[in-house]
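Asks: A predicted structure for the sequence below; I have some questions about it.
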Number of protein chains: 4
Amino acid sequence: MQNQQYSSCVEACNDCADACDMCAGACLSENNVQGMARCISLTVDCAQICRLAAGVMARGGEAAKALCEACAAVCDLCADECSKHQEEHCKACADACRRCAAECRQMAAA
Amino acid sequence: MQNQQYSSCVEACNDCADACDMCAGACLSENNVQGMARCISLTVDCAQICRLAAGVMARGGEAAKALCEACAAVCDLCADECSKHQEEHCKACADACRRCAAECRQMAAA
Amino acid sequence: MQNQQYSSCVEACNDCADACDMCAGACLSENNVQGMARCISLTVDCAQICRLAAGVMARGGEAAKALCEACAAVCDLCADECSKHQEEHCKACADACRRCAAECRQMAAA
Amino acid sequence: MQNQQYSSCVEACNDCADACDMCAGACLSENNVQGMARCISLTVDCAQICRLAAGVMARGGEAAKALCEACAAVCDLCADECSKHQEEHCKACADACRRCAAECRQMAAA
């Protein structure tokens, strides 16, 4: 099967998307939704670009590098916001975003 | 973290999306692209609904059951087509689609 | 160009997706984010299935009917929630969801 | 309603996504699928990033500029490929990609 050279980046993108979507859903259930508004906005966006990047890499598409660069930039924004909060879902999301950003930058530079 | 009750279905959807996208990319590189046209069309569609269903489940969204039912229906179509071909990527995709359809039906019935 | 038979449903899906995404963003900026949590959750999900359905129809994919049925179901949920709120973005979103649900049901029955 | 400052870019992204998805579906139905493989790959990728960018702009998300830059880069790739083919769907797609790339660059620079 082709495109196995990207498998660790695909996995990081899938994991990050799941962590972002779980964080978005959990933030919407917090008592302090107001304080979580920026977190919700960024996690929804980040999950979408992570899932898109994973798909393009799995297909071996030429656009993969451009999309991984954009994915890394959105992961950075999301990690910065999530790391300001004490909730477990935010910490897990920040960690996943940082791993994904690193994998995407490595992939885009290859 | 919430929504861990869906974790095995989320994982099946992510795996199926990756297998579909890898199959789509590999089919586009085959000598016999013509004979793979229906497979390419269905794998692209199936990957998209799998990734969307994974995201909605991870967020704990109310729409998850309706989307998992639709996902199972598309997985069935894709598994039937992929199982007609001898390529390894098609076999792997058919297997992933069948597992994902079963998980999505179980989730939608829960 | 093929698939022009679906053009009015594709347009309704695109319009609904835009209205849902605008509503989600506006709800996240409201003072009463807490009271908008269910609306945000449903508009994000609804926008995603609308955009996916539009794409599958534009490609003329076989999965279009199954996905339009799911899209109509999510549009119903979203329209019901949005119609409970007085904000202009919620009213516009509820209207777009109702038009999209009707178009998707007509398309799925064709 | 917020985010109306992006309305012309959202519309260009939606139009480009529809043109790309129609081109992908039409290419898969051509006799010469083989010669259309790169076009299919790029139109599928381009449609996805266009739909994602439209959604993020409609929500007023902070990630919009990074995603519009990536969208413009993918539109360029897709326009170059589509402009090599004589089919009407390819010409329409190339035109839509060029308009979308210009709108996205203007938006990212604003």
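Replies: Happy to help now that I have it.
Asks: only C-alpha atoms for contact and neighbour calcs from this point on.
Replies: Noted.
Asks: Not counting sequence-adjacent ones, nearest residue to residue A:38?
Replies: Ranked by Cα to Cα, 6 or more residues apart in numbering or on different chains and with sequence neighbours excluded, the top spatial neighbour of residue A:38 is residue A:81, at 7.5 Å.
Asks: From chain C, how far out is the one you found?
Replies: Here residue A:81 is placed at a distance of 15 Å from chain C (Cα to the nearest Cα, to the nearest Å).
Asks: For that residue, what is the enclosing helix or strand?
Replies: Secondary structure assignment for residue A:81, by DSSP states H and E: helix A:64-82.
Asks: Summarise which helices and strands that helix is packed against.
Replies: In this structure, helix A:64-82 makes packing contacts with helix A:37-59, helix A:88-109, helix D:64-82, judged by 3 or more Cα pairs under 8 Å, 6 or more residues apart in numbering or on different chains; DSSP states H and E.
Asks: List the buried residues in it.
Replies: Within helix A:64-82, the residues that qualify as buried are A:64-79, A:81-82, counting by 16 or more other Cα atoms under 10 Å in any protein chain shown.
Asks: same check, this time on stretch A:32-48
Replies: Using 16+ other Cα under 10 Å as the test for burial, stretch A:32-48 gives A:33-34, A:36-48.
Asks: So what touches that stretch?
Replies: Stretch A:32-48 is contacted from outside by A:16-18, A:20-21, A:23-24, A:27-28, A:71, A:74-75, A:77-78, A:81-82, B:55, C:25, C:28-29, C:31-34, C:37, D:52, D:56, D:61-63, using Cα atoms under 8 Å, 6 or more residues apart in numbering or on different chains.
Asks: Kindly report the same for stretch A:53-70.
Replies: A:2-4, A:6-7, A:9-11, A:13-14, A:49, A:71, A:104-105, A:107-109, B:17-19, B:21-26, B:47, D:41-42, D:45, D:66-67, D:70, D:73-74, D:77.
Asks: what do you get if the cut-off is 6 Å, keeping everything else the same?
Replies: Residues outside stretch A:53-70 that contact it (Cα atoms under 6 Å, 6 or more residues apart in numbering or on different chains) are A:3, A:10, A:13, A:104, A:108, B:18, B:21-22, B:25, D:66, D:70.
Asks: now, which of the residues you listed sits nearest chain C?
Replies: Taking Cα to the nearest Cα as the measure, chain C lies nearest residue B:21 of the contacts of stretch A:53-70, at 15.2 Å.
Asks: Okay, and that closest one sits in which element?
Replies: Using DSSP H and E, residue B:21 falls within helix B:7-29.
Asks: would you turn the helices and strands packed on helix A:64-82 into CSV with mean pLDDT?
Replies: Compiled in CSV, the helices and strands packed on helix A:64-82 are given as follows (pLDDT from 0 to 100):
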stretch, mean pLDDT
helix A:37-59, 98
helix A:88-109, 97
helix D:64-82, 98
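Asks: Any chance of TSV for the ones you listed, columns distance to residue C:86?
Replies: Conversion of the helices and strands packed on helix A:64-82 to TSV gives the following (distance: least, Cα to Cα, whole Å):
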stretch	distance to residue C:86
helix A:37-59	20
helix A:88-109	32
helix D:64-82	28
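Asks: nearest spatial neighbour of the residue nearest the centre of chain A, skipping sequence neighbours?
Replies: Taking Cα atoms, centre = their mean, the centroid of chain A lies closest to residue A:16, which sits 4.1 Å from it. Leaving out its chain neighbours, the residue that sits closest to residue A:16 by Cα to Cα, 6+ apart is residue A:96, at 4.9 Å.
Asks: Do I have it right that the one you found meets residue A:17?
Replies: No. Residue A:96 is not in contact with residue A:17 according to Cα atoms under 6 Å; the separation is 8.5 Å.
Asks: more crowded one of those two?
Replies: Each of residue A:96 and residue A:17 has its neighbours counted (other Cα atoms under 10 Å in any protein chain shown); residue A:17 has more, 32 against 23.
Asks: Just the pLDDT at that one, thanks.
Replies: Residue A:17 carries a pLDDT value of 98.
Asks: Same question for residue A:5.
Replies: If you check residue A:5, the pLDDT there is 73.
Asks: same thing with residue A:1?
Replies: With respect to pLDDT, residue A:1 has a value of 36.
Asks: circling back to that earlier point, and the two most separated of the buried residues of stretch A:32-48?
Replies: Taking Cα to Cα, the two most distant members of those are A:34 and A:48; they sit 22.3 Å apart.
Asks: any idea how far the residue nearest to residue A:38 lies from residue D:41?
Replies: According to Cα to Cα, to the nearest Å, residue A:81 stands 34 Å off from residue D:41.
Asks: Same question for residue A:13.
Replies: For residue A:13, the distance to residue D:41 - Cα to Cα - is 20 Å.
Asks: One more: residue A:62?
Replies: From residue A:62 across to residue D:41, the span is 8 Å (Cα to Cα).
Asks: residue contacts, residue A:25?
Replies: Residue A:25 sits next to B:59-60 when contact means Cα under 6 Å, 6+ apart.
Asks: Could I get the pLDDT score of it?
Replies: Model confidence at residue A:25 (pLDDT) stands at 97.
Asks: Pull the number of nearby residues for the residue lying closest to residue A:58 once chain neighbours are set aside.
Replies: Leaving aside its sequence neighbours, residue A:58 sits nearest to residue B:22 (Cα to Cα, 6+ apart; 4.8 Å). Counted with other Cα under 10 Å, the neighbours of residue B:22 add up to 28.
Asks: I'd guessed residue A:13 sits against residue A:71; true?
Replies: No. Counting by Cα under 6 Å, residue A:13 sits too far from residue A:71 to count as a contact (8.7 Å).
Asks: What about residue A:5, how many residues nearby?
Replies: Number of residues near residue A:5 (other Cα under 10 Å) recorded here: 12.
Asks: Can you tell me how far it is from residue B:87?
Replies: Taking Cα to Cα, one finds residue A:5 at 20 Å from residue B:87.
Asks: what's the answer for residue A:33, then?
Replies: Residue A:33 is 49 Å from residue B:87, by Cα to Cα.
Asks: swap in residue A:43?
Replies: Where residue B:87 is concerned, residue A:43 sits at a distance of 37 Å (Cα to Cα).
Asks: same thing with residue A:19?
Replies: 33 Å.
Asks: neighbour-wise, which of those two wins?
Replies: Set side by side, residue A:19 and residue B:87 show more neighbours around residue A:19, with 27 against 16, by other Cα under 10 Å.
Asks: got a list of what the more buried one touches?
Replies: Neighbour list for residue A:19: residue A:93 [criterion: Cα under 6 Å, 6+ apart].
Asks: Next one: it relative to residue B:76, how far apart?
Replies: Residue A:19 is 28 Å from residue B:76, by Cα to Cα.
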